[in-house]
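A.B. asks: Mind looking at a prediction? Sequence and model below.
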Amino acid sequence: MDRRLLILLLACSGWLSGLVGCKKAEPPDDHSEVSSFEPFPEDGGQPESERWYLFELQGKPTGWLHARFTRHQTSRGVRWVASSEELIIVHRGAEKIQSRTLEKHLENQSGQLLRFWQMVQEQDGEKVVIQAGKVKTDLITVRGPEIRRVPFESQALARHHCFKFLLGRETPKSGNVKNFRSYDPSQAGYADNRIVVKSAGPGGTKLEHTTSSLPGIITLVRLDADFLIDRAEFQIGAMQLVQRRVEKKPVLEDEGAAVDIDPLMVVPSNVPIENPRAAVLAKYRIEGLPDHVDSDWFSGPGQKALKNPAPGTFVIKVEKLDDPPPAPFPQQPQKPELSKYLASTALTRLDDPEIKKTARKATAGAPDAWTAARRLRRWVSEEIEGSMGMGFASASQTLKNREGDCSEQSVLLAALARSAGIPARCVMGLVYQDGSFFRHMWTEVWVGRWQPLDPAQATDYISAAWIRLAVHSLQLTDDQKSGGGALVLFGAKLKVTVEEIEAPRR
């Protein structure tokens, strides 16, 4: 459920391919390590299980999942191959976000993961492929130009068969607890999982599932007699996602699939803020945060946590920043800790000639790094039309389409800045407008210090009406402050109380 939830969180927040066994060519991998991965068996085998699932968001149909499981005998012994296809559609006003995912797992007879392949495509956009495999003592994950190595854990399970392998060997009893590790592609590594059996009997097994990929979130699962998912329900704040087994492929009509997600975007304010872009200082009380959030999450340019009066509650202070001191441009060699904010990733392909050309042209002759960054922000604001039609497109796709919402615009700005030699990252947070706070995304650039820019709001000067919740390096990572733990904040049912707001002194 974790990857599907992340897609929906991206779609709902405004940040964020064919059938199983399709013969469409994959995009080329950028790392030779992929050739060392154990290959998938060529023979497709006979399906042992084939199922359809309907996704419901806020009680309305929003997508479907087709899963097919097969087992093969190979020269290396018994292997399981699990294949799945899923389609998720989310309507946002008059626009529609559509994401297709194909997955394959290669497992041994004990359900332990040996190889992973996933392809995700939104609308008619580019395909993003993630591959992982065991090479000697490492598990290596590759996504475009990115590569991540972690020590291989021989007991880690593949997600598709976790319940069957953990519970199918014995009669589950109410109160039984199982802890296990599984591979999580969003983290490019392993996640800790825990299941608690709530009830068991002839009608099936009910359990609670938690994972470190989505800290603090409980998924309620009902298994059938074969220990395969019959129904799963996930709730975070005001968002409810249900995966329910159906007998045949669901037919999603556009009108029937429409889901009103506007309420998920809005965090009401207790008092109106007049002229929010002019606010120079503010003190906010934020409630409803997940337990894994600590005061360090709020440390950033012009912002810090003042106190933590209760679990999930923080009082923070936000100040509007002035121009930074002039820094040389092109910039001098950066500190090692900034290197990840200059990296080429699947979302920020710095080898894209159009990214290079656009960045070079926009920053030509800039006298300092801040001026160069502001020119890039202005270019994105003026050239990219606001649109909610993609969940989380790459910079290259946004540049090609010339449209995107706050997530696409912030990623594109980050890519252009990196191409110009300016470290950049994306920020997830809230912005005040029209009487409420809205979930939002913008960019921070390193110009001698971290400085925020907001291309979607067309401003170089973030006032105290912007609340920074988390950052994202846009890399493969297992850091909860920039992975699933950060995205969970966008489904949380938050409450923001304005305790103090200060306008410019005359």
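C.D. replies: Received it, and whenever you're ready, just let me know what you need. Treat the numbers as computed from the prediction; the structure is a model and nothing was measured.

A.B. asks: which residue ranges form the strands in the stretch 401-506 of the chain?
C.D. replies: Taking DSSP state E, counting those that start in this stretch, the strands of the stretch 401-506 of the chain run over residues 424-433, 436-446, 450-453, 466-472, 495-502.

A.B. asks: let me fix that: the stretch 251-400 of the chain
C.D. replies: Counting by DSSP E, counting those that start in this stretch, the strands of the stretch 251-400 of the chain are 266-268, 281-287, 303-310, 313-319.

A.B. asks: The first one pairs with which strands, parallel or anti?
C.D. replies: To tie it back to what came earlier, the one meant is strand 266-268. strand 436-446 (antiparallel) (DSSP bridges).

A.B. asks: and the partner strand with strand 281-287, angle?
C.D. replies: Using axes from the mean of the first three to the mean of the last three Cα atoms, to 10 degrees, the inter-axis angle of strand 436-446 relative to strand 281-287 is 120 degrees.

A.B. asks: now strand 436-446: mean pLDDT?
C.D. replies: For strand 436-446, the mean pLDDT works out to 94.

A.B. asks: ok, back up a step: any chance of the strands of the stretch 251-400 of the chain in a markdown table with mean pLDDT as columns?
C.D. replies: Compiled in a markdown table, the strands of the stretch 251-400 of the chain are given as follows (pLDDT from 0 to 100):
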| stretch | mean pLDDT |
| --- | --- |
| strand 266-268 | 88 |
| strand 281-287 | 96 |
| strand 303-310 | 95 |
| strand 313-319 | 97 |
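
A.B. asks: Which one of those strands lies nearest to residue 350?
C.D. replies: strand 303-310 (29.0 Å; Cβ to Cβ). C-beta: built from backbone N, CA, C; applies to glycine.

A.B. asks: What residues sit buried inside stretch 86-105?
C.D. replies: Within stretch 86-105, the residues that qualify as buried are 86-92, 96-105, counting by 16 or more other Cβ atoms under 10 Å.

A.B. asks: correction: stretch 400-410
C.D. replies: 401, 403, 404, 405, 406, 407, 408, 409, 410.

A.B. asks: With stretch 264-284 instead?
C.D. replies: 264-265, 267, 269, 273, 276-277, 279-284.

A.B. asks: Return the member of the buried residues of stretch 400-410 nearest to residue 209.
C.D. replies: residue 407 (28.1 Å).

A.B. asks: returning to that earlier point: tabulate the strands of the stretch 401-506 of the chain in JSON lines, adding columns for mean neighbour count.
C.D. replies: Shown next, in JSON lines, are the strands of the stretch 401-506 of the chain (neighbours: other Cβ atoms under 10 Å):
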{"stretch": "strand 424-433", "mean neighbour count": "23"}
{"stretch": "strand 436-446", "mean neighbour count": "24"}
{"stretch": "strand 450-453", "mean neighbour count": "24"}
{"stretch": "strand 466-472", "mean neighbour count": "23"}
{"stretch": "strand 495-502", "mean neighbour count": "16"}
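
A.B. asks: For the ones you listed, give me a markdown table that also has distance to residue 348.
C.D. replies: Shown next, in a markdown table, are the strands of the stretch 401-506 of the chain (distance: least, Cβ to Cβ, whole Å):
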| stretch | distance to residue 348 |
| --- | --- |
| strand 424-433 | 8 |
| strand 436-446 | 11 |
| strand 450-453 | 16 |
| strand 466-472 | 11 |
| strand 495-502 | 31 |
